[in-house]
Structure formats: C-alpha cells, structure tokens
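Novice: test case, fold it:
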Amino acid sequence: MERIRSLTAYHGPLTPADRETVARPISDLVQDVRSGTTAPLSLLRTYGRIALRAHEKTNCLTEIMLSSAEKWLQDGSINLKGPLAGIPVSLKDTIMVGGYDATVGYSSFVGNATDRDGGFVRLLKDAGAVPYVKTNLPITLLSFESANDVWGRCTNPHSAAHAAGGSTGGEAALLALGGRIGVGSDVAGSVRVPAHFSGCYSLRCSTGRWPKAGFRTSMPGQEGVPSVYSPMARTLDDLTYFTRAVMGMKPWTYDYTVHPIPWRADAEREYGAEKKVLRVGVLRTDGVVDPSPACVRALGMAEAALRREGHEIVEINPPDMYEGLRLASLLLNADGCQMFKSFFRSGEWNDPGVAQMAWLMNLPRPFKYLYYLWVKYVRRDNVWAGLVKDWRAQSAFENWKLVAQREAYRAEWFEWWNEAGVDVLLSPPNATPAVPHNGMNDAVSSCGYTFLFNLVSISLPVTLPCIVYLETHTTKTMGFLSSITLRASFR
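Specialist: Numbering: from 1, shown residues only. Alright, predicted model coming up:
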C-alpha cells in the first residue's frame, strides 16, 4: 500500500488524453513513440492510472513496477525503436522480472527475486515494451479462480461476488477494465477461462510457439500435459498486433524451447482474404458437463453470426472427450500432487477445488475404493467415478503407459481432423460463465472444454487454424472471422 500511495503521478481520474490513448490502435501509438510525437512516459502514466484503478476495484495486481519502468525508459533498457515501442505490458505474477519476486501465490516464494530479467522479459524490452505491473493468480496455478494468502483474492471486474477466472485471473480483470496487452500461462484453460469469465481476448498458443523462458511454476518437471505461455488483450486488434510483434522478434533466439517458425503471413492471407467460406465444426458439449444456458446462448450467437457471413456450419462427432479429460487429469497429477504441495507452508490457504484433488490423492486405497463404489452405485455418477478410480500417484511404469495412451488418443484426433475436413472448431470455453467465489470446489470436472486442447493440440495438423472460444460474459461475435485469421496465421 505504501508503494501505491507514493505513486502520486498515477492517482486521480483519467484525463481526456488518457481516454484518447486507450481508444487508439497500438500501431498508431508505436508510430508516435518512434517519431517522438508521443512520450513513452505519458503512455506509462495512462496505463499506470488504469492499473491502479482496476486494482482498487478487483485486487488484480501483485508487483507494481511503475517506478522501475520509469527508470528503464530513462536509462535505455528499453528499445524505443522496436515493434512495441513504449507500449506498457502487464505480466502474470509467475514471470521473472529482475528485482521483483515471482511468488506463484506461495508465501515460501516471497523474497525469490533475481537480479536479471528472464528471457521473455528481455525479449519484451528489446521489442520496446514496458513491463509495468504483475497480476494476481491462484496458489498452485490449478484453479479457475485467483486467490492466495500472499496477495489476496482477485474479484471479477463485473461482479465482486464472482471469480475473475484463473489461473491468469488478475490479468483478465485488468484487461477488462482498460489494460492494454498482457501475458499469461495455460495448462488447462488458464488464459481462456479468465478471458471468458472477465470479458477480454486470449490466444492459447501451440506448444513451442510462445516463449516460456524465465518463468516460475508450481509444478516444475511436469510434462504429461504441456503448459504454454500465451498473449491476452482487451481487443482483437491488440491481440493480433502483439502476437505478430513477438513472433517478429525471433523468440527462438531468447528461448531454446521455441520453434524457429516466423509469423505466417501467407496463412494469414489465406484465411483472411482468400478463403471466403470456412467450414466450422460446432462442439456443443464435451459429454461430461453440458454447458449452461448462458453459454449455449452465446455459442448460438456466434454460430448465427458466422452463418450470416456465409460460412458453413457442421455438426461434429469428435473422439471421446471424456477419455481426454481422464487422461489429462491423471497425467497432470501423476506425482500424486506432491510437487505443488511441497511449496506450501503449514496452515497456508489452498483453493477448495485443488484441496479436493489433493485429499483424494492422499486417501488410502481401501477407502478410495469405497468412495469410488459410493460415487458409482449410490450417487450413480459414472463420470466422477471414472475420473477418481485411478486418482493416485502413478509409478514410472504406470506413467509410461499413460503417455502411450495419450499418444494413441492424439493420433485418434489427428485422423479425425483430417477426415472431418473442418477449418475451425467453435466451442464453449467452459461449462459455466463466471462462478461465485469458491465455486470451483464443485466444478473441477468442468474444465474439459479447455483441458482437452492442451492434451491433443500439439499433434493436430498444421492446417488447423484455431480452436475458437466464445466469451460469454461479454459476447463479442463481430470479431470471430478476424480471430480465425489470427490463429490460423499463428499456427
């Protein structure tokens, strides 16, 4: 709080100049900074004011780096001739910025600041971007809500009684309230569900397409379901510009995990201008948790908008999505939840849904079997019973078998996609809109709509343009064709 109070230049109402800045395209702002007609400090002041106002409303921020950002602009740390010249960028708390903690919401991580920026932050500064705040998240990163003992709870920007999403919830809340562009991570929907809950845009990148050097995590070593870092933005144009700019920086020279594939302008032209009619497959349910009426309505709005534009809508029958959820949940937690639990201090708060998973993992096998029988034959919930039946730490041999099943499942999706001949999948991003706080305790099995595509997406053909997720909190149907173009070119 003392740091916030000392930032006197960032308090007060937004000025007309601030509002004009927020409304202008990033490309125009970059050109003005490069030409010298706009001072990058003025952009920082605008978005700093917006961030502090958003934080006051939602508790969306963790580290506030505005004073450091001013110094970086003055000492030449930031390349003001780059493709993101002067543009403030917010970062999920997990991203390593020199001199600042990356806590992941754990009290045991407080004080872990490094002297040097991580690889991705170095890329951003070389591109001209100005990291200025870090944003809130759930402890463990394994929840669609964002709360922890270190930073508190982030609330939804439209309703204080509801979650902003997770695990990149603080980022989504800030963007929905006027932030510009940001970066989050996703292993089961952690940039897509916050965009859905709060009302902004996100792109879940394919594995190896977006840098992940210089980040901390709750599950180091977990590779059963690859996590990816990905861009988020308030508008579709911002998302497109930011993604293209990062790809133009040759991120593989900053991070060995990134494939040396540039932005594909030819694919952008193909899906943006040359391919007038897209074949759109509609995924109406994952077969586990049917979407709520609000999500069904939003999906229908997107479908209707695409039909009006002349695109072909087709019903699809993809491989069993329940099997994907079962495999993904076992692979993600093959360690028996030991790794993320190892960072907790005694008495530290845990997300209710994650605590439920950890409790089941630790339940002795005889009692777990009795629980399985009760769920299957008394509650008659075959879905949940099937998910918890093998819910335990896997041996190395068992984990190898799960990986083999994963690869067979990916191959099944690969073959299905080639035979289906669709350009796009249109799907709900989650079974529900934003849930009340602690609502994920009873909704941990509803993540199949997003979790599936972390499990299978790296093996789908490169002709796959995208998985389109519709925001149902603030529906934006007008941007879908451009969104398809962006994601097609990003593949």
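Novice: what sits against the residue of the chain positioned farthest from its centre?
Specialist: Outermost residue of the chain with respect to the C-alpha centroid, by CA atoms, centre = their mean, is Pro366; its distance is 37.7 Å. Applying CB atoms under 8 Å, 6 or more residues apart in numbering to Pro366 gives no contacts. Any C-beta I mention is one placed from the backbone N, CA and C, and that applies to glycine too.
Novice: mind listing what the residue nearest the centre of the chain touches?
Specialist: When the chain is reduced to its mean C-alpha position, the nearest residue by CA atoms, centre = their mean turns out to be Val191, at 1.4 Å. For Val191, the set of contacting residues under the criterion of CB under 8 Å, 6+ apart consists of Thr168, Glu171, Gly184, Ser185, Ser202, Leu203, Arg204, Ser230, Met232.
Novice: what are the phi and psi angles of it?
Specialist: The phi and psi torsions at Val191 (degrees, to the nearest 10) take the values phi -110, psi -20.
Novice: what's the distance between it and Leu43?
Specialist: Using CB to CB, to the nearest Å, one gets 24 Å for the distance from Val191 to Leu43.
Novice: got the domain ranges for this structure?
Specialist: If you go by automatic domain parsing, the domain ranges for the chain are 2-263, 274-334+394-480.
Novice: give me whichever of those domains is most buried.
Specialist: Mean neighbour counts were taken over these using mean count of other CB atoms under 10 Å, and the top value, a mean of 21, falls to domain 2-263.
Novice: quick check, distance from that one to the centre of its chain.
Specialist: The chain centroid and the centroid of domain 2-263 are separated by 11 Å under CA atoms, centre = their mean, to the nearest Å.
Novice: how long is that domain from one end to the other?
Specialist: The first residue of domain 2-263 is 43 Å away from its last residue (CA to CA, to the nearest Å).
Novice: ditto for stretch 82-91
Specialist: One end of stretch 82-91 sits 19 Å from the other (CA to CA).
Novice: and the strands in the stretch 1-150 of the chain?
Specialist: Taking DSSP state E, counting those that start in this stretch as the test, the strands found in the stretch 1-150 of the chain are 61-64, 88-92, 130-135, 147-148.
Novice: how about those strands, which one is nearest Thr257?
Specialist: Proximity to Thr257 (CB to CB) singles out strand 88-92 among the strands of the stretch 1-150 of the chain, at 17.5 Å.
Novice: and the angle for the closest one with strand 130-135?
Specialist: Relative orientation of strand 88-92 with respect to strand 130-135: 30 degrees, computed using axes from the mean of the first three to the mean of the last three CA atoms, to 10 degrees.
Novice: show me what strand 88-92 is packed up against.
Specialist: Contact analysis of strand 88-92 by 3 or more CB pairs under 8 Å, 6 or more residues apart in numbering; DSSP states H and E lists helix 40-58, strand 130-135, helix 169-176, strand 181-186 as its packing neighbours.
Novice: possible to save these as a markdown table with mean pLDDT?
Specialist: Rendered in a markdown table, the data for the helices and strands packed on strand 88-92 read as follows (pLDDT from 0 to 100):
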| stretch | mean pLDDT |
| --- | --- |
| helix 40-58 | 98 |
| strand 130-135 | 98 |
| helix 169-176 | 98 |
| strand 181-186 | 97 |
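Novice: tell me who's in contact with Gly336.
Specialist: If a contact means CB under 8 Å, 6+ apart, then Gly336 has Met361, Asn362, Arg392, Ala393, Gln394 as its contacts.
Novice: let's go with 6 Å and repeat that
Specialist: With CB atoms under 6 Å, 6 or more residues apart in numbering as the criterion, the residues that contact Gly336 are Met361, Ala393.
Novice: separation between it and Ile139?
Specialist: Applying CB to CB to Gly336 and Ile139 gives a distance of 18 Å.
Novice: per-residue confidence at Lys476?
Specialist: Per-residue confidence for Lys476 comes out at a pLDDT of 33.
Novice: my error: substitute Thr463 in the last question.
Specialist: For Thr463, the model assigns a pLDDT of 29.
Novice: ok, Lys276 next?
Specialist: The confidence metric pLDDT takes the value 83 at Lys276.
Novice: wait, is it part of a helix?
Specialist: No: applying DSSP: H, G, I helix; E, B strand; the rest coil, one finds Lys276 to be coil, outside a helix.
Novice: elements contacting the longest helix that the chain contains?
Specialist: Under DSSP state H, the helix in the chain containing the largest number of residues is helix 396-420. Packing contacts for helix 396-420, counted by 3 or more CB pairs under 6 Å, 6 or more residues apart in numbering; DSSP states H and E, involve helix 321-332.
Novice: helix or strand next in line after the helix it packs on, which one?
Specialist: helix 338-341 (DSSP states H and E).
Novice: flag the shaky bits of the stretch 351-491 of the chain, pLDDT-wise.
Specialist: Regions of the stretch 351-491 of the chain meeting the criterion pLDDT under 70 cover residues 457-491.
Novice: which parts of it are helices?
Specialist: 352-362, 365-373, 382-388, 396-420, 448-456, 480-490 (DSSP state H, counting those that start in this stretch).
Novice: so how far is the third one off the chain centroid?
Specialist: Mean C-alpha position of helix 382-388 versus that of the full chain (CA atoms, centre = their mean) differs by 27 Å.
Novice: residues contacting it, please?
Specialist: The list of residues contacting helix 382-388 from outside it, by CB under 6 Å, 6+ apart, reads Val288, Arg326, Leu360, Tyr372, Val375, Lys376.
Novice: wait, which of those is closest to Leu7?
Specialist: Within the set of those, Leu360 lies nearest Leu7; the separation is 44.9 Å, counting by CB to CB.
Novice: quick one: contacts for the closest one?
Specialist: Val388, Trp391.
Novice: distance of the closest residue to Gly98 other than its chain neighbours from Asp93?
Specialist: Taking CB to CB, 6 or more residues apart in numbering, and ignoring the residues beside it in sequence, Gly98 has Asp117 as its nearest neighbour in space, at 4.5 Å. Counting by CB to CB, the gap between Asp117 and Asp93 amounts to 15 Å.
Novice: cool, Met1 as well?
Specialist: Going from Met1 to Asp93 by CB to CB gives 18 Å.
Novice: do the same with Val191
Specialist: With distances taken as CB to CB, Val191 is found 14 Å from Asp93.
Novice: kindly report the same for Ala434.
Specialist: Ala434 sits at a distance of 21 Å from Asp93 (criterion: CB to CB).
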